[in-house]
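K.L.:
for reference, the sequence and a predicted model appear below.
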Amino acid sequence: MANSVAERSLSHNSSSSLRKRLLVDEWVVIAPDRAARPRQLELSPSSSDDFCPFCPDNAQVTPPTIETWDSPVFPDAPWGVRAVANKFPALRVEPELSTEPDGLYESISGVGAHEVLIEAPEHHTRWRALPAEHLAIVLGAWQDRMADLRRDKRLRSVLAFKNHGARAGATLGHIHSQLIGLPLVPTRLRRELDGARDYFQNTGLCAICEMIARERSTGDRLILENEAAVAIAPFGSRTAFETWILPRSHRGDYLSSPRSELLSIAEITTTVLDLWRRALGEVAYNLILHCLPFDLLGEPYYHWHLEMLPRTGQVAGFEWGSNMYINATPSEVAARHLRKLADHSA
Ligand SMILES: [Zn+2]
Ligand SMILES: [Zn+2]
Ligand SMILES: [Zn+2]
């Protein structure tokens, strides 16, 4: 059961806004409400005694449920997966979208959606420990929430992402991911879309399909594959062990992927996370879904994918100053290491 987007929005007064940075085509979310959120993980990294607002028994303290999904993996729980509005949202859906030019500056008043997906009723589980069957329900829940947000004509894109571990920005220990709907296409996604469009115009081909074919034929950066998905250490990895999970079928719209494909994606993702654990120990990571934004649906040139980045290093002065990353582990070395670990367990 889904509450309407408008219903969710009217209960709040927003003070958030999007501000465009001077001289560059990049936006910053100014979100004063975020300052008030709890910092459970910083206080106690593995706390089990701390009060957790995401555990099923404490459902009354989280914002109202937007939607729930059942899972055969948790037959006795009130829900398998639960979407709620973020209690400390970076953005909120407001009745009116307003762009505010101010001489030098440009901003958009706080228009956006910020939802939390509580990925399992069990507090201490994690993606690599979940059966692929359940993780496929989580990936399907992303699709369902995106389908709902897509109906809001004020929004142009949704970023689904996961912060695992304090070092990756997670503030609560209970397994969860987030969706942020935006009235624009964020810079990183837009640059990738532009690059894919240019490649397609020049060659008639999808660059990501080409990448999959190339990596499968040489094998140097291929980590794993199954019938519907591949895991690759990208040529230009930004961090040690950066991994991309790609569906082998060409689809730009994440919502068009059938459940069988999500299951293959889930299987390969949990395996990669397990290989990461064996290579790196318990590592914090970020996982991001890149797919076509709403007003480009139907464009032939893009191919949705998951980008996974272990947070082994810090983003520091050089990265802030240049938007370039220093990575001491070439992707071929990372892929070979993970392949060896996979062979040992086979
Ligand atoms: Zn919990
Ligand atoms: Zn493709
Ligand atoms: Zn991408």
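P.N.:
Received the coordinates, thanks. Ligands and ions are numbered 1, 2, ... in the order given.

K.L.:
stretch 187-194 near ligand 2 anywhere?
P.N.:
No: using Cβ under 5 Å from the ion, stretch 187-194 stays clear of ligand 2, coming no nearer than 12.6 Å. In this view, the C-beta of every residue, glycine as well, is placed from N, C-alpha and C.

K.L.:
residues making contact with that stretch?
P.N.:
25, 26, 27, 157, 159, 185, 290, 292, 293, 296, 301, 302 (Cβ atoms under 8 Å, 6 or more residues apart in numbering).

K.L.:
select only the buried ones of those in PyMOL?
P.N.:
Restricted to buried positions by 16 or more other Cβ atoms under 10 Å, the PyMOL selection for the contacts of stretch 187-194 reads:
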select buried, resi 27+157+159+185+290+292+293+296+301+302
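
K.L.:
in a markdown table, list the contacts of stretch 187-194 along with distance to ligand 2.
P.N.:
Below are the contacts of stretch 187-194 laid out as a markdown table (distance: Cβ to the ion, whole Å):
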| residue | distance to ligand 2 |
| --- | --- |
| 25 | 26 |
| 26 | 27 |
| 27 | 28 |
| 157 | 19 |
| 159 | 20 |
| 185 | 19 |
| 290 | 12 |
| 292 | 12 |
| 293 | 17 |
| 296 | 14 |
| 301 | 8 |
| 302 | 8 |
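
K.L.:
ok, and which of the contacts of stretch 187-194 reach ligand 3?
P.N.:
residue 290.

K.L.:
in TSV, list the contacts of stretch 187-194 along with distance to residue 118, secondary structure and pLDDT.
P.N.:
Below are those laid out as TSV (distance: Cβ to Cβ, whole Å; DSSP: H, G, I helix; E, B strand; the rest coil; pLDDT from 0 to 100):
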residue	distance to residue 118	secondary structure	pLDDT
25	35	coil	89
26	31	coil	92
27	28	strand	93
157	23	strand	96
159	18	strand	97
185	27	coil	96
290	23	strand	98
292	27	coil	98
293	26	coil	97
296	30	helix	97
301	35	coil	98
302	30	coil	98
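
K.L.:
and which of the contacts of stretch 187-194 is nearest to residue 176?
P.N.:
Minimum distance to residue 176 across those is 15.0 Å, recorded for residue 159 (Cβ to Cβ).

K.L.:
distance check, the closest residue to that closest one other than its chain neighbours against residue 89.
P.N.:
Closest residue to residue 159 apart from its sequence neighbours, by Cβ to Cβ, 6 or more residues apart in numbering: residue 180 at 5.2 Å. Distance from residue 180 to residue 89, counting by Cβ to Cβ, to the nearest Å: 9 Å.

K.L.:
quick one, which of these two is more surrounded?
P.N.:
Just comparing residue 180 and residue 89: by other Cβ atoms under 10 Å the higher neighbour count belongs to residue 89, 26 against 21.

K.L.:
overlap in contacts of residue 180 and residue 89?
P.N.:
Taking Cβ under 8 Å, 6+ apart as the criterion, residue 180 and residue 89 both touch residue 114.

K.L.:
which residue ranges form the strands in this structure?
P.N.:
For the chain, applying DSSP state E gives strands covering 17-20, 27-30, 65-69, 81-85, 99-102, 105-109, 113-118, 157-164, 176-182, 222-225, 229-232, 243-247, 285-290, 305-310.

K.L.:
make TSV out of those and add distance to residue 137.
P.N.:
Converted to TSV, the strands of the chain look like this (distance: least, Cβ to Cβ, whole Å):
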stretch	distance to residue 137
strand 17-20	32
strand 27-30	29
strand 65-69	6
strand 81-85	6
strand 99-102	38
strand 105-109	34
strand 113-118	11
strand 157-164	14
strand 176-182	13
strand 222-225	22
strand 229-232	17
strand 243-247	17
strand 285-290	16
strand 305-310	16
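
K.L.:
could you tell me the least trusted of these?
P.N.:
Mean pLDDT is lowest for strand 99-102 out of those, coming in at a mean of 80.

K.L.:
what's in contact with it?
P.N.:
Residues from elsewhere that reach strand 99-102 (Cβ under 8 Å, 6+ apart): 106, 107, 108, 109.

K.L.:
tell me if I'm right that the second one and residue 16 touch.
P.N.:
By that I understand residue 107. No: using Cβ atoms under 8 Å, residue 107 is not in contact with residue 16; the gap is 10.5 Å.

K.L.:
of these two, which one has the most company?
P.N.:
Applying other Cβ under 10 Å to residue 107 and residue 16 shows that residue 16 carries more neighbours, namely 22 against 17.

K.L.:
figure out which of the strands of the chain is closest to ligand 1.
P.N.:
strand 113-118 (8.1 Å; Cβ to the ion).
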